[in-house]
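Novice: Fold the following for me, if possible:
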Amino acid sequence: MKSLHAAHPIFGETVKLMRLWLARHQFSGHLCQEAIECLVATEFLHPSTSMAPTTTSAAFLRTLQLLVDFNWDEEPLIVDYSLIAGVLTDEEKAKMATNPAAAAANLNAPLTSTRNRK
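Specialist: Down below sits the predicted model:
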């Protein structure tokens with residue numbers, strides 16, 4: 001996360017804004033701090049448009065749009081930090097998509113899941 005903060009100074013501000021928004025809408029108990037950071041990081045590492053956001057408000061709105069548009073029931077959200085911390089291969093991404101818990105254990109990666117996940 002430090003590399004992401006260094007590359008995108010508004011990353012930290014966006015995480016704070018997202019935490020505040022979630023708390024005000026009584027969602028803060030549903031997402032841990034790391035999950036919020038991963039959601040926001042997605043828009044900086046793999047932006048929905050061709051460029052990473054340049055303002056806090058743009059990053060915040062794109063993250064909200066991710067929450068709305070992502071197909072949470074059908075696939076896991078894989079946050080690929082390969083731009084700043086090595087390379088995550090297509091094979092590893094496919095493995096994570098089919099068996100997220102086992103892949104996270106093998107890659108020493110955090111896994112955020114729900115109790116309803118099979």
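
Novice: so what's the backbone phi/psi at residue 71?
Specialist: phi -80, psi 80 (degrees, to the nearest 10).

Novice: burial of it, as a residue count?
Specialist: For residue 71, the count of nearby residues is 7 (other CB atoms under 10 Å). The way it works is simple: take the backbone N, C-alpha and C, and place the C-beta from them, glycine included.

Novice: distance of residue 37 from residue 55?
Specialist: Distance of residue 37 to residue 55, computed by CB to CB, to the nearest Å: 18 Å.

Novice: So between the two, which is more surrounded?
Specialist: For residue 37 versus residue 55, neighbours defined as other CB under 10 Å are more numerous around residue 37 (21 against 11).

Novice: Checking residue 47 next. Helix, strand or coil?
Specialist: The three-state label given to residue 47 by DSSP: H, G, I helix; E, B strand; the rest coil is coil.

Novice: in terms of contact, does it touch residue 53 like I think?
Specialist: Yes: with contact defined as CB atoms under 8 Å, residue 47 reaches residue 53; the gap is 6.8 Å.

Novice: Looking at those two, which is more packed in?
Specialist: residue 53 (22 against 14).

Novice: Name the SS class of the more buried one, please.
Specialist: coil.

Novice: mind pulling up the phi and psi values for residue 37?
Specialist: phi -60, psi -40.

Novice: Just give the nearest non-adjacent residue to it, would you?
Specialist: residue 15 (5.5 Å; CB to CB, 6 or more residues apart in numbering).

Novice: and that neighbour, what does it touch?
Specialist: For residue 15, the contacting residues are 36, 37, 40, by CB atoms under 8 Å, 6 or more residues apart in numbering.

Novice: where does the first one land in three-state SS?
Specialist: Of the three states, residue 36 takes helix according to three-state DSSP.

Novice: okay, it: pLDDT?
Specialist: pLDDT recorded at residue 36 is 91.

Novice: wait, it sits on residue 20?
Specialist: No: Residue 36 lies out of contact with residue 20 (CB under 8 Å); the separation is 10.5 Å.

Novice: quick one, which of these two is more surrounded?
Specialist: Remark: of residue 36 and residue 20, residue 36 carries more neighbours, 21 against 12, as counted by other CB under 10 Å.
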